[in-house]
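Chemist: sharing a sequence plus its predicted fold:
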Amino acid sequence: MQIDSKLVKELREKTGAGMMDCKNALKETSGEFEKAIAYLRQKGLASANKKLSRQANEGIIESYIHTGSKLGVIVEINCETDFVGRRQEFHELAKNIAMQIAASPSIIYVSYDQIPPEIIETEKQIEIGKEDLINKSEEMKKKIIEGRIEKTLRSFCLLDQPFIKNQDITIEELIKQNIALLGESIKVPRFTRYVLGQYN
């Protein structure tokens, strides 16, 4: 089938994938734009997952100061080579992540596996004591508690947040899209959020 070049261009801008990849995705999905995005994400993210495990010792430290200068963020973003570290797309990703942290006061950790066991236990004790669970069976109570704990703890994690500029993807998916685009492992090892007058 004939694929409209404007549609290919639009898909490329939205996903960051190559022109031929976009054209093939549209062919594979009979020209359906949203399905083509999903197709590219499946293909791109598959390769991105492999690259995630590679060493990433280059990169940048990005900062973001919110309007009014009462809130600021410093975040380290790593990649594998200085070449990618200088790319505009990499800098844009870093800026977006810094803005995400600034916009999300609940974020404390980069990822779920960084949450200390004592924090998980504290949340568990809070949920166990809630009155709406009193008349539930033990099995039902356990499921509800686990679900609530996970939801609360995920809200503390940067990678699990819906991207402020596109709520359809998480920050983890945004990073994987950039891994697919730039061809290197990308990691966020740490960040600091400053709020004027807060010292803890």
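Modeler: Alright, I've got the coordinates.

Chemist: contacts, neighbours, all on C-alpha from now
Modeler: OK.

Chemist: give me the neighbour count for residue 180.
Modeler: By other C-alpha atoms under 10 Å, the residues close to residue 180 number 25.

Chemist: give me the element it is part of.
Modeler: Using DSSP states H and E, residue 180 maps to helix 171-182.

Chemist: helices or strands next to the helix or strand that comes right after that helix in the packing?
Modeler: Moving toward the C-terminus from helix 171-182, the next helix or strand (DSSP H and E) is strand 187-195. Strand 187-195 is packed against strand 71-79, with contacts defined by 3 or more C-alpha pairs under 8 Å, 6 or more residues apart in numbering; DSSP states H and E.

Chemist: swap the cut-off to 10 Å and go again
Modeler: The contact analysis (3 or more C-alpha pairs under 10 Å, 6 or more residues apart in numbering; DSSP states H and E) places strand 187-195 against strand 58-65, strand 71-79, helix 88-103, helix 171-182.

Chemist: buried residues, the third one. List them.
Modeler: Right, helix 88-103. 90, 91, 93, 94, 95, 96, 97, 98, 99, 100, 101, 102 (16 or more other C-alpha atoms under 10 Å).

Chemist: now render the helices and strands packed on strand 187-195 as a markdown table, adding distance to residue 144 and mean pLDDT.
Modeler: Output for the helices and strands packed on strand 187-195, formatted as a markdown table (distance: least, C-alpha to C-alpha, whole Å; pLDDT from 0 to 100):
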| stretch | distance to residue 144 | mean pLDDT |
| --- | --- | --- |
| strand 58-65 | 38 | 94 |
| strand 71-79 | 35 | 95 |
| helix 88-103 | 29 | 96 |
| helix 171-182 | 26 | 92 |
